[in-house]
Structures are given as structure tokens and as C-alpha cells.
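[1] 3D model of this:
(one chain, ligands or ions: 2)
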Amino acid sequence: MNVGVIGTGAIGTDHVRRLTARVAGARVTAVFDVDTARAATVAAIAGATAHREAHDVIDDPAVEAVLVASPGDTHADLVLACVAAGKPVLCEKPLASTSGAALKVVEAEATYGRRLVQVGFMRRYDVGYLGVKAALGAGRIGDPLLVHCVHRNVGVPAGFTGDMSLTDSLVHEVDACRWLLDQEIVAATVVEVPHSPLASPELRDPRLVLLETERGIVVDAEVFVNARYGYDVRCEVVGTTGTVALEAPTTGAVALDGGRVQALPMDWQARFGQAYVDELQAWVDAVRRGVTEGPSAWDGYAATAVAEAAVASRGARTSVDLAERPALYSGESSS
Ligand code: NAD
Ligand code: ISE
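    Ligands and ions are numbered 1, 2, ... in the order given. Take a look at the predicted model:
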């Protein structure tokens, strides 16, 4: 499968490397980035052509599917162009920077009549999250009552501003909880906590967010994007008869000099490296079979709508008012 990649920054470059060396059945044949030097360097890794415009990648007759890894506010227009061209597209999260823009993608795909869009919520491919999902599905902890989530980054790049800890980071917890619990989130409340003086004030870092699902389950999610000590993602679902907690891959614990040290990954590349490979492989396999599976445009829309409610919250409970779900997505959202 010939893939065109738009956006060759941190994750775009990683995805090109993965599609070139670790994923079977795909090769990158075209790339675009507004940073033309970067695009040329990444094109050379894959033996691909660096195009002059993003739309040249989508319109390239040799490109069979597109991967969008440019900044979030560029996603919706690029995905809409892919749908108009009838080309399958794996779009990095978030699907769009506003729920209105995400809904336009949902509506365009519903009008097209079959799925073309997969959103890059790669945690659904992580072996730890899959273990939590399997335990819930088997009823091992009874009925879920509440979920504790933690999402801590060492730090964030310079362009990471304002409410991005909600729109770019919290969206992972939103999607994971919708998928694990198989229900929509209907309200968000951001609870004020003291802010770290080590983070830029506009980030108001960390944030504590309460999410309520349609069947009354409450999720507390801490997002701390300048936690410094390591990349630490946790999730524990509490049920009526037990709990199930996310297990992260470990490199073993070192006991030495009267202490015991467990190494942590320092970034998402290390923590979710295998999940990205498995996500891409699943995408390629499905598209080669003529279908698109995995997190859908509806999932992307719902996640952005919840993040938007969190941004609006400022301490007040804010409801999430989703549009009516088109039949194209019935029975598949969050499953
Ligand atoms: P980045 O800043 O490293 O890379 C973005 C690239 O896009 C840059 O090379 C930039 O020059 C290019 N770009 C900017 N505007 C463009 C445009 N209009 N058209 C084409 N290219 C353009 O950012 P990143 O960390 O690689 O993040 C990119 C996207 O991937 C974001 O949406 C981010 O949320 C997402 N992401 C997802 C995960 C995940 O865990 N799934 C991890 C990291 C990033
Ligand atoms: C980044 O864009 C990601 O998606 C990472 O998975 C997440 O941990 C990080 O907070 C985001 O900035």
C-alpha cells in the first residue's frame, strides 16, 4: 500500500520510519511538510517524493492512503480533502481543534457512505489497555463504578500552549475511557488545583478533570504535562467486585545500595512505541482488505467535544452535547 504522509515532525517522522521498516505491506511514497528541508530529509529515509503542497500528496494518483501528522488545527481540512478524494486516511489525534470542525468530518464521511477515517488513538492498541478492556469485557471486576487516570509528561515542546493539556493530552484519557466503558462522556468539570511554578502560567499545570459518563460512572483524570520525573500514564477501573489497573511495560527493577529503582519511560515514543507499530499494522491490513476500522471520526468528534467542554469548564460542571450519531457509526463508537 502506497502511503502519503503530511507532516514530518516528531511523530510524522517516527511513523515514516515505522511504515518503512516495521510495518508489513506498506511503503511511504510521498510526503509534505511546510518545513521543506525537513520533508526532504524524511523523504530520503523512505525513498519518497517530497511534494510542494499537502493537496499534491492527497491528489497523487500513486498514493493509496494518507497519514496526517501535521498540527491539530490543520487536520480537519486535510481529512475532508481525503474523504472528497475517496482515500483512506489515518489522522493523528486530535481529529480537529473544535467539535464543529470534527462534526463536519463526521458528516462528510456519513454522506460518502462508508468509513475512510481512522483517528490515531493508539492506546487502543497498547497491550496494557487491551488487558484492562479484556478484564472488563469478561466481567472480572463486576460493574465499573469509577476510573482513576493519570497522564504525566516530563515536559512539553515550546509550541504547546494554553489549553493543549486538555485538547491534546486529555483527549487520550477521554478516548480510552469511552472505549473501555463503552459509553459516551456527558459532562466535564475542571477542578482548580495549585499550579506548578515550573510550568508556564498559561498552561495552569497540572489539571484535575472529572468526567461523567452517560451511565453515571465518574472518571478523575490528572493531566500534568511538566511533571519532570518521567512519562507516567496510569489507569485503574474500580468495579463492584474488584479493580483492574493498566500495566506498563517495564525494564525490570534494580535493587542496589539499600534501594529499589524501577525505570520509567521519559516520553510517549518509548512508552507507546509498540502500540504505534500495532496501530499502523492494523490500519494497513484493514485498508488492504478494503475497509477502515479502529477509532472512527465519531470517536474523534466525541473526544474533541469532551475536551472542548473541559476547556469551557473553568470550575463549573459543563455538559457535552453531542450531535446525533449517524447510522454509519452505530454500534462501533467506543467499541
Ligand atoms: P511537531 O511539531 O513535531 O510536527 C508537526 C510538523 O507539521 C512539523 O514538521 C511542521 O513543520 C509541520 N506542519 C506545520 N503546519 C503544517 C501544514 N499546514 N501542513 C503540513 N505540515 C505542517 O508535532 P508532533 O508532536 O509530531 O505532533 C503532530 C500531531 O501528532 C499533533 O496533532 C499531535 O497531537 C499528534 N501526536 C500524537 C501522538 C500520539 O501519541 N498519538 C504523539 C505526538 C503527537
Ligand atoms: C502528545 O501530542 C501525545 O499525543 C502524547 O501521547 C501525549 O502523552 C502528550 O501529552 C501529547 O502532547
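
[2] can we go C-alpha only for contacts and neighbour counts from here?
    Will do.

[3] let me see the contact set for Gly315.
    Gly315 is in contact with Thr189, Val190, Val191, Glu192, counting by CA atoms under 8 Å, 6 or more residues apart in numbering.

[4] care to break the chain down by domain?
    2-122+279-288, 127-270+297-329 (automatic domain parsing).

[5] redo those domains as CSV? Include mean pLDDT.
    Output for those, formatted as CSV (pLDDT from 0 to 100):
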stretch, mean pLDDT
domain 2-122+279-288, 98
domain 127-270+297-329, 96
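
[6] find the centremost residue of this structure, please.
    Closest to where the C-alpha atoms of the chain average out (CA atoms, centre = their mean) is Phe121, at 3.1 Å.

[7] doesn't Pro295 make contact with it?
    Yes. Using CA atoms under 8 Å, Phe121 makes contact with Pro295 at a distance of 6.5 Å.

[8] Ala10: how many residues sit nearby?
    Ala10: 11 surrounding residues under other CA atoms under 10 Å.

[9] now do the phi/psi pair for it.
    Per-residue torsions, Ala10: phi -60, psi -60 (degrees, to the nearest 10).

[10] now it: how far from ligand 2?
    Separation of Ala10 from ligand 2 (CA to the nearest ligand atom, to the nearest Å): 10 Å.

[11] the helix or strand encompassing Asp77 - contacts with which helices or strands?
    Following DSSP states H and E, one finds Asp77 within helix 75-85. With contacts defined as 3 or more CA pairs under 8 Å, 6 or more residues apart in numbering; DSSP states H and E, helix 75-85 has these neighbours: helix 54-59, strand 65-68, strand 89-91, helix 99-112.

[12] from the contacts of Gly315, pick the one nearest Val237.
    Val237 lies nearest to Thr189 out of the contacts of Gly315, by CA to CA, at 19.3 Å.

[13] quick one: contacts for whichever residue of the stretch 151-300 of the chain sits closest to ligand 1?
    Proximity of the stretch 151-300 of the chain to ligand 1 (CA to the nearest ligand atom) peaks at Asp168, 5.3 Å away. Listed by CA under 8 Å, 6+ apart, the contact set of Asp168 reads Lys93, Pro94.

[14] that one belongs to a helix, doesn't it?
    Yes. Applying DSSP: H, G, I helix; E, B strand; the rest coil, one finds Asp168 inside a helix.

[15] now Arg288: closest residue in space that isn't a chain neighbour?
    Leaving aside its sequence neighbours, Arg288 sits nearest to Met1 (CA to CA, 6 or more residues apart in numbering; 7.0 Å).

[16] measure that neighbour to Thr20 for me?
    Plainly put, Met1 is 11 Å away from Thr20 if you go by CA to CA, to the nearest Å.
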